[in-house]
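> just need the structure, nothing else, for what follows:
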Amino acid sequence: MSAQSEGNYVEALQNYYEAMRLEIDPYDRSYILYNIGLIHTSNGEHTKALEYYFRALERNPFLPQTFNNMAVICHYVRLSPL
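Numbers count the residues shown, from 1 in each chain. Below you'll find the predicted structure:
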């Protein structure tokens with residue numbers, strides 16, 4: 001996560017993809033997917049971010065911050081509600 005907090009999103013994504021390859025617990029995977037969504041949101045890749053947020057929620061429907069981020073994207077990008 002230090003790469004992400006330092007704004008090195010390319011390295012952070014590589015680390016998260018590697019973590020996804022290794023992690024088998026759905027709950028832990030949900031947080032990895034959520035963080036990938038955060039990076040895509042920061043990069044303005046809203047459709048891709050929503051995809052990862054949905055994938056996170058499939059594994060853990062109790063991530064309120066994910067719902068919030070999805071709502072913010074829909075509001076500011078004026079996407080229709082999903």
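
> sketch out the low-pLDDT regions of the protein for me.
1, 79-82 (pLDDT under 70).

> report the central residue of it.
Nearest residue to the geometric centre of the chain (Cα atoms, centre = their mean): residue 37, 1.9 Å.

> quick check: closest non-adjacent residue to that one.
With sequence-adjacent residues excluded and distances taken as Cβ to Cβ, 6 or more residues apart in numbering, residue 37 is closest to residue 52, at 3.6 Å. C-betas here are computed from N, CA, C, even on glycine.

> so who does the one you found touch?
33, 34, 36, 37, 40 (Cβ atoms under 8 Å, 6 or more residues apart in numbering).

> ok, the fourth one touching residue 66?
I take that to be residue 37. Yes - contact criterion Cβ atoms under 8 Å: residue 37 and residue 66 qualify, at 7.3 Å.

> for this structure, just list every one of the helices.
Taking DSSP state H as the criterion, the chain carries its helices at 2-5, 9-22, 26-42, 46-59, 64-77.

> give me the number of residues near the closest residue to residue 56 other than its chain neighbours?
Ranked by Cβ to Cβ, 6+ apart and with sequence neighbours excluded, the top spatial neighbour of residue 56 is residue 33, at 3.8 Å. When neighbours are defined as other Cβ atoms under 10 Å, residue 33 has 26 of them.

> can you check the one 10 residues further on too?
When neighbours are counted by other Cβ under 10 Å, residue 43 registers 13.

> ok so, going back, which ones are touching the residue nearest to the centre of the chain?
By Cβ under 8 Å, 6+ apart, the contact set of residue 37 is 49, 50, 51, 52, 53, 56, 66, 69.

> repeat that with 6 Å
By Cβ atoms under 6 Å, 6 or more residues apart in numbering, residue 37 lies in contact with 49, 52, 53.

> does the last one really touch residue 70, like I thought?
Yes - look at residue 53 against residue 70 with Cβ atoms under 6 Å: they come within range, at 5.2 Å.

> having no further points to raise, I will conclude here.
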